[in-house]
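Chemist: got a predicted structure plus its sequence, pasted below:
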Amino acid sequence: MTVRTRFAPSPTGYMHIGNLRTALYAYLFAKSQHGKFVLRIEDTDQKRYVEDATRVIYETLQVANIHHDEGPDVGGDYGPYVQSERKAIYKEYAQKLIDKGAAYYCFCAKTEEEDEENPTANECHCRDLSAEEVRKNLEEGKSYVIRQKVPHEGTTTFNDLVYGEITVENETLDDQILLKSDGMPTYNFANVVDDYLMGITHIIRGSEYLSSNPKYILLYQAFGWEIPAYIHLPLINGKNPDGTVSKLSKRHGAVSFQALVEEGYLPEAIINYIALLGWSPKNEREIFSMDELCEVFSVAGLHKSPAVFDYQKLDWVNGQHIQAMPFDEFSKMAFPYSGVKGTFLEEKWNKIATLMQPRIGKFSEIPEKIKFLYEVAPYDVELYVNKKNKSTLESSVEILQKTIDAVNQIDSWDEETLSEAFAKVAADNNIKYGPLMWPSRIAMSGLLATPGGSTDIMYLIGKEETLKRLKAGMDFIKAQ
RNA sequence: GGUCUCUUCGUCUAGUCUGGUCAGGACGUCAGGUUUUCAUCCUGGUAACUCGGGUUCAAAUCCCGGAGAGACUACCA
């Protein structure tokens, strides 16, 4: 039997990271079993239709390196793959259920939302309408929905590959709507029909569907269809300011794939990180490429408990991927985020990129890290005082003067010359390199920590600006 | 409220099925080393089995009960 999994998103205009992880696992499972991965668009909610939303889905999957074997855009033998184009199919199958006595017409008005003593659908009298009454209502053109006729007695049991066996009393299940009054199926119905017709063998989705799954099982049983294997996934939560957790949403930070990419996370790093939220490999490895994930993925590594999305660890994972990138690729990708285009730094981008690659967790950190190259912000004079480098305000003035003298004598403004020149200054004056470079770095940056050392900064800002900043630094100390 | 599910360091997790390594790794954090600073890199520290019973020579692991948390409870998906 060929394994077939599917990803069935709703076109909402963006890809939530939790949905993407579901797609990822469905894809990884299919690939690890040499099966097929199907994309199906669930656009049965007319009110939530969003322009271009399906395009977002295609693009996201493309960028995320998750490729479907069948789908609306690539075709396949089980189409159409868009639910709104399958309306006739659902109607046909809903009718079959009515014929089998597993569903019924309901002519009740739409239930008002906040009904305190919620008269559950189970009590809807339409369930017991005679064939005669139903025909009469239909002839009158009354609006109707089709509801599932859930048995009032007995229990329903199913097995989940992650959560194990789950049993519920049928009386706790309500007669959910299968076909809406506009003729569209509900998710609950379309999902079951499509998964069956598309030959899906393993249903992979979030655990929020765990509690409604018995109703789907009842549907399969009513149709007489073989029950597929279920793999429910633990949810992804976000941490709230008060310490509690809840379903990951905007208030926790960026939650859509696009937003994370815009913030400067590499698609491969995002995939790597979310793969580890709810699943773990047999060894202690943490950095994976998509190909490697396909190789090692196994249902046995799936967890039951929800995971909290940790942006700090995502930064680390992203940093690992960034550092592993070939320099040219990094340079090219990081450039648009840097903001140096059109500035005096543009021609020295190569050097900046070299300094940035080992230092950032995401591309969007770059502008802040190189801000001081444009202008030195006001800073505390105490930065000149550093015990380890034996630097004091007095010694700083002295050393800055030596630095200025040295800079004045340098004609060829390249990194090598600069390093050699200062190595010589250090030797000639019998001081160590560290103490020599400390004051100038502070004067040129106004920062305790800078990407790159003093000579790197000199090289980047140029001779003229270097001298200007060194003098300003000296004046600043003297003014104290 | 009802139903279902979950519970190991702050976070992601290994270990649970097949009781018996000071409960292991990673992120974070702290300290030290390397580095002209920072980062990288290296060393070390920090910190957890939800609680209560039971079974057992021995329980994170098996059993029972409690507590807490989450999901679902739409003509949304």
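Modeler: Sure, I can see it.

Chemist: just for the stretch 51-200 of chain A, where's the confidence low?
Modeler: Scanning the stretch 51-200 of chain A for pLDDT under 70 picks out A:51, A:111-124.

Chemist: looking at the stretch 351-480 of chain A, which residue is nearest RNA strand B?
Modeler: Of all residues in the stretch 351-480 of chain A, the one sitting closest to RNA strand B is A:Gly453 (2.3 Å; CB to the nearest atom of the strand). In this view, the C-beta of every residue, glycine as well, is placed from N, C-alpha and C.

Chemist: near that residue, how many other residues are there?
Modeler: Neighbour count for A:Gly453, taken as other CB atoms under 10 Å: 17.

Chemist: name the SS class of the residue nearest to A:Gly434 when sequence neighbours are not counted, please.
Modeler: Nearest non-adjacent residue to A:Gly434, counting by CB to CB, 6 or more residues apart in numbering: A:Asn389, 4.9 Å away. Secondary structure for A:Asn389, judged by DSSP: H, G, I helix; E, B strand; the rest coil, is coil.

Chemist: list phi and psi for A:Asn389.
Modeler: phi -100, psi 20 (degrees, to the nearest 10).

Chemist: is it in contact with A:Trp438, as I believe?
Modeler: Yes: counting by CB atoms under 8 Å, A:Trp438 is a contact partner of A:Asn389 at 4.4 Å.

Chemist: between those two, which is the more surrounded one?
Modeler: A:Trp438 (24 against 18).

Chemist: wait, that one sits on A:Lys387?
Modeler: No: taking contacts as CB under 8 Å, A:Trp438 lies outside contact range of A:Lys387: 10.8 Å.

Chemist: now do the strands in the stretch 251-400 of chain A.
Modeler: Taking DSSP state E, counting those that start in this stretch as the test, the strands found in the stretch 251-400 of chain A are A:307-308.

Chemist: run through the residues of it sitting next to RNA strand B.
Modeler: A:276-280, A:284, A:286, A:301, A:303-308, A:310, A:312-313, A:315-316, A:323, A:358-359, A:389 (CB under 7 Å from any atom of the strand).

Chemist: of those, select the buried ones using a PyMOL command.
Modeler: In PyMOL syntax, the buried subset of those is picked out as below (16 or more other CB atoms under 10 Å):
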select buried, chain A and resi 276+277+278+279+306+307+315+316+389
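
Chemist: among the residues of the stretch 251-400 of chain A next to RNA strand B, which ones are in helices?
Modeler: A:312-313, A:315-316, A:323 (DSSP state H).

Chemist: for these, give me TSV that also has pLDDT.
Modeler: Compiled in TSV, those are given as follows (pLDDT from 0 to 100):
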residue	pLDDT
A:Gln312	94
A:Lys313	95
A:Asp315	96
A:Trp316	96
A:Gln323	95
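
Chemist: quick one, helices of the stretch 101-250 of chain A?
Modeler: With helices called from DSSP state H, counting those that start in this stretch, the stretch 101-250 of chain A shows them at A:131-139, A:187-197, A:213-223.

Chemist: could you identify the most distant pair in the ones in helices among the residues of the stretch 251-400 of chain A next to RNA strand B?
Modeler: A:Gln312 and A:Gln323 (16.8 Å; CB to CB).

Chemist: count of neighbours near A:Gly243?
Modeler: Neighbour tally, A:Gly243, other CB under 10 Å: 6.

Chemist: report the separation between it and A:Val340.
Modeler: Per CB to CB, to the nearest Å, A:Gly243 is found 40 Å from A:Val340.

Chemist: how many neighbours does the nearest residue to A:Asp52 once chain neighbours are set aside have?
Modeler: Distances taken as CB to CB, 6+ apart put A:Gly13 closest to A:Asp52, at 7.4 Å, once the chain neighbours are dropped. For A:Gly13, the neighbour count with other CB under 10 Å is 17.
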